[in-house]
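> The sequence isn't on hand, but the structure is:
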Ligand code: BES
Ligand code: MN
Ligand code: ZN
């Protein structure tokens, strides 16, 4: 789908569908839409007067535009109450309208920005939200569907319209930003949805290498031999049970003159988590092909950072392995000596993500980073606590935590902070090693973060547990069932605004 921006009169734009946002409870059409309504013979004011369309969120309808309007159809999409308006409402409304237009097999869509604006929200935020809502909602994972019909319905071009010619330049800029980040989020969804027979640790490394064809990106991949030399036994231990051997991927954005950084992003890259010898129940085990959503988010964020050529040194670290039970697998009771030298007594081979992350967090120290952020589908407990609506956020640095919260509100990839009190580390005491890898049932999301904290260096650190947000079971207005690509828009926004 081609994405663009244009300025001109709404009545004059030739397109299959002109999309208008309507606020719930607005008795009349906004002034600026009156001319269009009049030209269309009053079709919009009529459905509003008859209350056939009320502007409730998720409501969408199309009306023939008549001969005096260049567009063939007017599509109305509900924005909810004006007092409750925010960019997320625009994102969802654009998502609904876009999938609706695709359903009707419309090829050309124009979203009329002006009617989505409100004095309480920033212009750029609304533009970004509209474009994100459209691109994210139209995502489908149909690569493996051989039946062609499914693939034919596609919107060919979507443009954002302003009647205010002076706004065209900032509009274009915001559209380009949103196109970049949401396409990257869709690529992260592709990686996460793809099955583990295709996305092995080696395949993740190949993906990173392909991204590094971009001018500013450097990629380096360590295989099992180098991991052994570097004592990265957390990663090696987890990967031992599989013939798809582990990798440690480094994808780095090095601008000519970095103004800040390094900022290190770490993504958990378990390409399949069976639980290992502490095997998981078989129901829904297929979902564990998505246990590399953190890795996908980090790699695709680096792609964005590089295309924006941000003046920051950003390093992506992805420890990748497959967690399987076998005659060579690591076992409960085993003791692993991690790269940091700290030893870990394994109580459950299903608490594997933290072992990979331990080695990566230790490795991050060498960059003397300004900040380290890890993203991981780390605990089922986080899903129980926050569901699919928020990721768990824990960290050692107030400024970094607050920055992440702000970016999360803007992108609506919301986070919720959990306490990182030392009391939560008590259950990790081991009689035979420096620490165990699990601490029993209570507060597992926090205990997992306390485990990670034992391996961080002297740098500001936050951990984002995306176990609940990385994939959803029921579709949302701009998210079909399956992977969400969570983290890409959040991290991209955080890094874009880093020096503000
Ligand atoms: N990858 C899982 C966590 C997970 C669960 C992600 C559900 C997405 C959806 C992780 O490796 C895991 O198995 N965690 C265990 C830890 C336990 C053994 C301490 C868990 O949460 O049950
Ligand atoms: Mn596990
Ligand atoms: Zn896992």
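Thanks, I have the structure now. All figures in this text were calculated on a predicted structure; none of them were measured in a lab. Numbers count the residues shown, from 1 in each chain. Ligands and ions are numbered 1, 2, ... in the order given.
> From the contact counts, what lies against the helix or strand residue 404 falls within?
Element membership for residue 404, per DSSP states H and E: helix 398-411. Judged by 3 or more Cβ pairs under 8 Å, 6 or more residues apart in numbering; DSSP states H and E, helix 398-411 is in contact with strand 371-376, strand 391-395, strand 415-417, strand 461-465, helix 488-496. All C-beta spots, glycine's among them, are computed from the backbone N, C-alpha and C.
> which outside residues touch it?
Helix 398-411 has contacts (Cβ atoms under 8 Å, 6 or more residues apart in numbering) with 87, 125, 371, 373, 391, 393, 395, 414-415, 417, 460-462, 464, 489-491, 493-494, 497.
> Now do the helix or strand bottoming out on mean pLDDT in the chain: distance to the chain's middle.
Lowest on mean pLDDT, DSSP states H and E among the helices and strands of the chain sits helix 149-152, with a mean of 71. Centre-to-centre, helix 149-152 and its host chain are 26 Å apart (Cα atoms, centre = their mean, to the nearest Å).
> the strands in the stretch 51-200 of the chain, which residues?
With DSSP state E, counting those that start in this stretch as the criterion, the stretch 51-200 of the chain has strands at 60-64, 73-81, 108-112, 157-162.
> for this protein, which spans come out with low pLDDT?
Along the chain, the parts satisfying pLDDT under 70 run over 150.
> one more time with 90
25-30, 145-153, 214-215, 261, 499-500 (pLDDT under 90).
> Would you mind naming what in it lies close to ligand 3?
Contact residues, the chain versus ligand 3 (Cβ under 5 Å from the ion): 270, 273, 291, 353.
> Buried only: go through the contacts of helix 398-411 for me.
87, 125, 371, 373, 391, 393, 395, 414-415, 460-462, 464, 489-491, 493-494 (16 or more other Cβ atoms under 10 Å).
> would CSV of the strands of the stretch 51-200 of the chain with distance to ligand 1 and mean neighbour count be doable?
Formatted as CSV, the strands of the stretch 51-200 of the chain follow (distance: least, Cβ to the nearest ligand atom, whole Å; neighbours: other Cβ atoms under 10 Å):
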stretch, distance to ligand 1, mean neighbour count
strand 60-64, 32, 18
strand 73-81, 31, 23
strand 108-112, 35, 24
strand 157-162, 33, 22
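> Which one, of the ones you listed, ends up nearest to residue 430?
Nearest of the strands of the stretch 51-200 of the chain to residue 430, taken as Cβ to Cβ: strand 73-81 at 52.1 Å.
> and the residue in the stretch 1-150 of the chain that ligand 3 sits nearest to, what does it touch?
Ligand 3 sits closest to residue 141 of the stretch 1-150 of the chain, with a gap of 21.1 Å, by Cβ to the ion. Residues in contact with residue 141 (Cβ under 8 Å, 6+ apart) are 189, 190, 193, 480, 482, 483.
> just those residues that are near ligand 2?
Contacts with ligand 2 are made by none of the contacts of residue 141, judged by Cβ under 5 Å from the ion.
> Just name the closest of the residues you listed to residue 5, please.
residue 189 (24.9 Å).
> Check which residues of the helix holding residue 404 are buried.
400, 401, 403, 404, 407, 408, 409, 410, 411.
> Report the inter-axis angle for that helix versus strand 461-465.
Between the axes of helix 398-411 and strand 461-465, defined by axes from the mean of the first three to the mean of the last three Cα atoms, to 10 degrees, the angle is 40 degrees.
> how about the helices in the stretch 151-300 of the chain?
Under the criterion DSSP state H, counting those that start in this stretch, the stretch 151-300 of the chain contains helices at 168-193, 201-211, 224-229, 233-239, 293-308.
> Dump those helices to a markdown table, plus distance to residue 132.
Putting those into a markdown table (distance: least, Cβ to Cβ, whole Å) gives the following:
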| stretch | distance to residue 132 |
| --- | --- |
| helix 168-193 | 5 |
| helix 201-211 | 21 |
| helix 224-229 | 38 |
| helix 233-239 | 34 |
| helix 293-308 | 13 |
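> ok, now how distant is residue 347 from ligand 1?
8 Å (Cβ to the nearest ligand atom, to the nearest Å).
> just checking, next helix/strand downstream of whichever strand or helix holds residue 336?
Using DSSP H and E, the element containing residue 336 is strand 335-337. Next helix or strand after strand 335-337 toward the C-terminus (DSSP H and E): strand 343-345.
> Briefly note if whichever helix or strand comes after that next one comes near ligand 1.
Toward the C-terminus, strand 343-345 is succeeded by helix 353-364 as the next helix or strand (DSSP H and E). Yes - shown here: helix 353-364 in contact with ligand 1 (Cβ under 6 Å from any ligand atom) through residue 353.
> again, but for stretch 287-297
Yes - applying Cβ under 6 Å from any ligand atom, one finds stretch 287-297 touching ligand 1 at residue 291.
> Might you enumerate the residues of this structure proximal to ligand 1?
Counting by Cβ under 6 Å from any ligand atom, the chain sits next to ligand 1 at 273, 291, 348, 350-353, 377-381, 383, 438, 444, 467.
> Separate out the buried members of those residues.
273, 291, 350-353, 377-379, 381, 383, 438, 444, 467.
> and of these, the nearest to residue 298?
residue 377 (12.5 Å).
> Against residue 446, how distant is the closest one?
16 Å (Cβ to Cβ, to the nearest Å).
> Same question for residue 240.
Taking Cβ to Cβ, one finds residue 240 at 28 Å from residue 446.
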